[in-house]
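[1] mind folding the following:
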Amino acid sequence: MPTAIQPRLIEAPGKGLVRHVDPRHVPENAFSNGRNIRFPTGGSRVRKTDGYQLVDMTPQPVTGLWWYVHPTGQTGSAVVRIGTLGVHVELGSQIQTVVTYTTPRTLDDVVTIDQYEEKLIWADGKAVMVWNGIGPATVLSGGTPTAKLVEIHKDHVLLGNITAPVKQPWRVAYSIFGVNDPVTGIPDFTGEGSGFTDFLDDSTGLTALKTLGDHAIVHKPFRLYRMIFVGPPDFYIVESIPADEGSISARGPISVGSYQYYPGRTNFYRLGSFSEPIGDAIWPEIAAAIDWPRAHLTFAYRRDQWDEICWKFPSRNVEQPNLTAVYNWRDATWTLTDHDPGMCAAQMPSNALPSTAFDDAVSPVSPPTTRDVFGQIDGKIQVYTGRNANGAAIHAWVESRHFNNQLIPTKILAVPVFATGAGVLGVQLRAAMDARQPMPSWGTESVGSVNLSAPQYRPWVDVRAYGRLWQVRLESTTVNDDWEVVAYGTAVIPGAYAR
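    Now for the predicted structure:
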């Protein structure tokens, strides 16, 4: 029997998470499970995700956020905070209430928002409202229907899933070209050039409305359509898109470049000329965790500095969406986070955030141009930055595939880990002799660590395990730990039971 130690190094552990019923079938340079990690563009490493810090508070749940910029600079820019009781805007150091709802909203009244020229328009099924950058917000009147969905497309306001005056969940209404009545200055849904399109191929209502290039994409639970503006006399024509399903929520679709990405009932999808599934690697985890009666709370947002699209889903027995599926659209890799629950998200310039001081652990001298913020059910507004979750530790962990040597009994002596960062990176290994039985629980076998703050002359963790299958786990649980792994592996003696 051979007795030489055979180190086996995985030098590109950055191909994302692949959830498979048999972890032996996961690609070697991918991981079988994990949380609160990311795979930076390039695919050569895995690292702990960034944390967040509190920058503002509101006295109500934050259900919508928007960075408002007046097109002529007449009123300056503002952070618009939509809640269940009303809407507040922050202009410089001044916080103004632009509307207090006479009928309070619930968390199920999902808000969709868009802006045309100086008009910020939002809809939630109870009202369609507009704010012009100054003074109070008003309910759109003059024949404007009430709807759940709003989207700006080709100088029109589109309203989808009509709730009043007559409930018509299958309808998209569109305003006149140029949006505004020339006399009243408000969006006009009754003048020449306005109209509506009904989507009655089945009995379901519209779930989402989102622009992709020249087209407005209409989502229903089992169908997709393109609305294409062609001018008078038809104004809009409709094309069906080959697809099995549409978005499960109003804020689920997100357009990046020439594609629109969205979550359906059975997968994640990428829409170009047609809709194709892209989430096979991660969907089983999402489908098992999501609280389906509240799937309409799912929302998408971008993290451009990481080339990521994020979808935040509500898990069972939690108040707000808390499980995030993260897709790197350049590398087509997936990961998961659960440390940052929230109700909505937005991108804002760094100088737009409130004056509350926060530390940027990555670049304190030269902060990024834009930052990603999210609102929570308790009224907190958080900004992604630093190494902890507003002072709390982030439990970041990742598990390798199940390795084997043709199922020959093998002695695993050490786990080499080449990592950078700060703090301590925990390293565990578990092994099993019977490939038909579940692996032992983590923590019951070999446990070690790598001190990332100290020089690493021999970055090997002794484990001393024996089996036909083995698996590595990397994790951190302490405040301000930070790590990035560029390579890891195992040093083994095949067929030997060495000391």
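[2] so where's the stretch 251-400 of the chain shaky on pLDDT?
    For the stretch 251-400 of the chain, the stretches flagged by pLDDT under 70 are 354-367.
[3] could you pull out the strands for it?
    In the stretch 251-400 of the chain, the strands defined using DSSP state E, counting those that start in this stretch lie at 254-256, 259-263, 268-271, 275-277, 299-303, 308-313, 323-328, 333-337, 344-349, 370-375, 380-384, 396-400.
[4] tell me who's in contact with residue 159.
    123, 128, 144-145, 147, 149-150, 172-174, 189 (C-beta atoms under 8 Å, 6 or more residues apart in numbering). (C-beta placed from N, C-alpha, C; glycine too.)
[5] now do residue 61
    The neighbours of residue 61, taking C-beta under 8 Å, 6+ apart as the test, are 83-84, 107, 343, 375-379.
[6] so which of these is the most crowded?
    Using other C-beta atoms under 10 Å as the neighbour criterion, residue 343 leads the contacts of residue 61 with 27 neighbours.
[7] would you confirm that it contacts residue 379?
    No: assessed by C-beta atoms under 8 Å, residue 343 is found out of contact with residue 379, at 10.1 Å.
[8] common neighbours of these two, please.
    Residues within reach of residue 343 and of residue 379 at once, by C-beta under 8 Å, 6+ apart, are 61-62.
[9] so residue 396 sits against residue 473, correct?
    No: contact between residue 396 and residue 473 fails when scored by C-beta under 8 Å: they sit 11.3 Å apart.
[10] tell me which of those two has more neighbours.
    More crowded of residue 396 and residue 473, by other C-beta under 10 Å: residue 396, with 26 against 21.
[11] how far away is the more buried one from residue 48?
    In this view, residue 396 and residue 48 are 4 Å apart by C-beta to C-beta, to the nearest Å.
[12] again, but for residue 102
    Separation of residue 102 from residue 48 (C-beta to C-beta): 46 Å.
[13] pick out whichever of these two has more residues nearby.
    residue 48 (25 against 8).
[14] any idea what that one is bridged to?
    The partner list for residue 48 in beta bridges (DSSP bridges) reads residue 37.
[15] do you know how far it is from residue 422?
    Residue 48 sits 10 Å away from residue 422, going by C-beta to C-beta.
[16] now residue 240
    To residue 422, residue 240 is 54 Å away according to C-beta to C-beta.
[17] and those two? which has more neighbours close in?
    residue 422 (15 against 12).
[18] contacts only, for that one.
    Applying C-beta under 8 Å, 6+ apart to residue 422 gives the contacts 387, 452-453, 480-483.
[19] which members of these are the farthest-apart pair?
    387 and 453 (13.2 Å; C-beta to C-beta).
[20] which of these two has more neighbours?
    Higher neighbour count among residue 387 and residue 453: residue 387, with 24 against 9, using other C-beta under 10 Å.
[21] quick check: that one touching residue 396?
    No: contact status for residue 387 versus residue 396: not in contact, 9.9 Å apart, counting by C-beta under 8 Å.
[22] quick one, what contacts residue 174?
    Residue 174 makes contact with 153, 156-159, 189, 194-197, 235-236, according to C-beta under 8 Å, 6+ apart.
[23] strands - which of those residues land there?
    Those of the contacts of residue 174 mapping onto strands are 153, 156-159, 195-197, 235-236, per DSSP state E.
[24] distance to residue 285 and pLDDT added to those residues, as TSV?
    Formatted as TSV, those follow (distance: C-beta to C-beta, whole Å; pLDDT from 0 to 100):
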residue	distance to residue 285	pLDDT
153	34	94
156	39	92
157	38	93
158	34	96
159	35	97
195	43	92
196	40	94
197	37	96
235	44	90
236	39	94
